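Q: whatever this is, show me its structure:
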Amino acid sequence: MKFLYSDTQDYVDPMYDFLQDRNAPGRKRYWDDCYAHELMEPAPYDGLLVSMSAIRQADGVATSKVRYSTAEEQRMLRDGARKFLRFGGPKHKDKMLMGDCGAFAYVEHPKPAYSPAEVVEFYTDAGFTHGCAPDHIIFACDTSNPPRSEQPQDVQDRYDITLSNAEEFIKLTENEAWPFEPLGPIQGWSPESMAAAAVKLEKMGYRYLAVGGLVPLKVDVIHKVLQAIRKAIKPETDIHLLGFAKADKIHEFTGYGVTSFDSTSPLIRAFKDAKANYYSPNGDGTLEYFAAIRIPQAIENSRLVQGIKRGIFSAEDLLRREQLALEAIRAFDKRRMPLATALDALTDYQRFLTQGEPASEEQRERELRKQRELMARTLEAKPWKQCGCPICREVGVEVIIFRASNRNKRRGFHNLGVYHKHVQNILEERR
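A: Presented below is the predicted three-dimensional model:
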């Protein structure tokens, strides 16, 4: 089972100055920055997935939140995706590079943003090794398996459009002498309808199927979907899980013959999760999660800036306490400050984040106590000290500080590395 990371233009400045919180002088975005696979050895994933909607603007259709400029799109198509992503050379040249259409970007529209012919041309020009036909997402999945006649017309249309596009797509791919391996996307309103779609895709000639619409589904529903699909198709047919948001549960899905899956979850949780921002391996084959220490940049955090404007606190006092919090966590890391003293400085700065909220003083104090407990657990464990990944070795305690993208994305890179190793360990145990 291969783990693919979905490209979201995540790279960092390798020369970033953490003490001064600034990029290297003259730093040029992208050109001087590094992707996770450039900073980490080995690469923290088995391949990359790139969505067409992030790269090519379609008329009247909103693209994904990741947006390539016109110049970046042209360079990718001229040089090829592998060179653009710096995912080639001896280390990466044989790894998967998959394309999909990024169907979430046009989910509100009656039909996909791109035709099969456009997609085949795009995948071919960019040099992808694998590519999904343009699908149209169906979100609901009813495990009672209602008949087609009970589905809204929109759902029926999306189902038919996905299969029709897949049929045209594989014919075009064959005509182009198979420049990449095509994946037939599975959409449906129930496990049985998805299984039926999988059988139709096999008959069209697909040997690699991509299960879509998984993001909102609960784990038990995904199990039922995969059970139905695997029972209906040939044992040798490969399965890819598109946008597998339940990455922490991947160990439950090793029995379905899943060949690959893609996810951004390990990186996103580094800066979007409330308390599970840093991944750490447990000795029992599971993962442990720690809360990052939140020390936002005072003059760039919108909540703090609003507090200054409203006169809740002064900018000078805020900056002073911010600096004390940073000095405290660094001193603690070097064993120059006891835990309780460091926690006091960190909690003192955290208090500002609760000021001005429409909550009672009692509620704010309760939230502060929770945050202090989370910080204490992280600082007591010092997980960055035990980690041997290139990120933690190089930046040390800075990786656990929740503060702007150069720290947060590095923590995300670390998470990808830990997660990738976790997946590999699971597969080793199953053999």
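
Q: may I ask which helix or strand encompasses the closest residue to residue 392 other than its chain neighbours?
A: Distances taken as Cβ to Cβ, 6 or more residues apart in numbering put residue 384 closest to residue 392, at 4.7 Å, once the chain neighbours are dropped. Bear in mind the C-beta positions are built from the backbone N, C-alpha and C, glycine included. Residue 384 is part of helix 383-386, with elements assigned from DSSP states H and E.

Q: helices or strands next to that helix in the packing?
A: For helix 383-386, the contact count by 3 or more Cβ pairs under 8 Å, 6 or more residues apart in numbering; DSSP states H and E identifies strand 278-281 as packing neighbours.

Q: how about residues contacting the strand it packs on?
A: Outside strand 278-281, the residues that touch it by Cβ atoms under 8 Å, 6 or more residues apart in numbering are 266, 269-270, 287-292, 378, 381, 383-384, 386-387, 399-400, 411, 414-415, 418-419, 421-422.

Q: just the ones in helices from those, please.
A: 266, 269-270, 378, 381, 383-384, 386, 411, 414-415, 418-419, 421-422 (DSSP state H).

Q: what is the burial count for the nearest residue to residue 341 once chain neighbours are set aside?
A: Spatial nearest neighbour of residue 341, chain neighbours left out: residue 328 (7.0 Å); criterion: Cβ to Cβ, 6+ apart. Neighbourhood size, residue 328 [other Cβ atoms under 10 Å]: 22.

Q: hmm, residue 328 is touching residue 345, no?
A: Yes: between residue 328 and residue 345 a contact is recorded at 3.7 Å, counting by Cβ atoms under 8 Å.

Q: and residue 229, backbone torsions?
A: Note on residue 229: backbone dihedrals following degrees, to the nearest 10 are phi -70, psi -50.

Q: same check, this time on residue 49
A: Per degrees, to the nearest 10, the backbone of residue 49 is at phi -120, psi 130.

Q: ok so, going back, from residue 429, how far out is the residue nearest to residue 341?
A: 41 Å (Cβ to Cβ, to the nearest Å).

Q: show me the contacts for the closest residue to residue 378 other than its chain neighbours.
A: Nearest non-adjacent residue to residue 378, counting by Cβ to Cβ, 6+ apart: residue 290, 4.5 Å away. Each residue near residue 290 by Cβ under 8 Å, 6+ apart is listed here: 276-278, 280, 377-378, 381, 383, 400.

Q: can you add distance to residue 334 and give those residues back as a markdown table?
A: Below are these laid out as a markdown table (distance: Cβ to Cβ, whole Å):
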| residue | distance to residue 334 |
| --- | --- |
| 276 | 26 |
| 277 | 22 |
| 278 | 19 |
| 280 | 21 |
| 377 | 20 |
| 378 | 16 |
| 381 | 17 |
| 383 | 17 |
| 400 | 14 |
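
Q: among the residues you listed, name the buried ones.
A: 276-278, 280, 378, 383, 400 (16 or more other Cβ atoms under 10 Å).

Q: could you export those residues to JSON lines, including columns for pLDDT and distance to residue 232?
A: As requested, those are exported to JSON lines (pLDDT from 0 to 100; distance: Cβ to Cβ, whole Å):
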{"residue": "276", "pLDDT": "96", "distance to residue 232": "36"}
{"residue": "277", "pLDDT": "98", "distance to residue 232": "40"}
{"residue": "278", "pLDDT": "98", "distance to residue 232": "41"}
{"residue": "280", "pLDDT": "97", "distance to residue 232": "39"}
{"residue": "378", "pLDDT": "98", "distance to residue 232": "46"}
{"residue": "383", "pLDDT": "98", "distance to residue 232": "44"}
{"residue": "400", "pLDDT": "98", "distance to residue 232": "46"}
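
Q: point out where the protein drops to low pLDDT.
A: 59-65, 355-358, 431 (pLDDT under 70).
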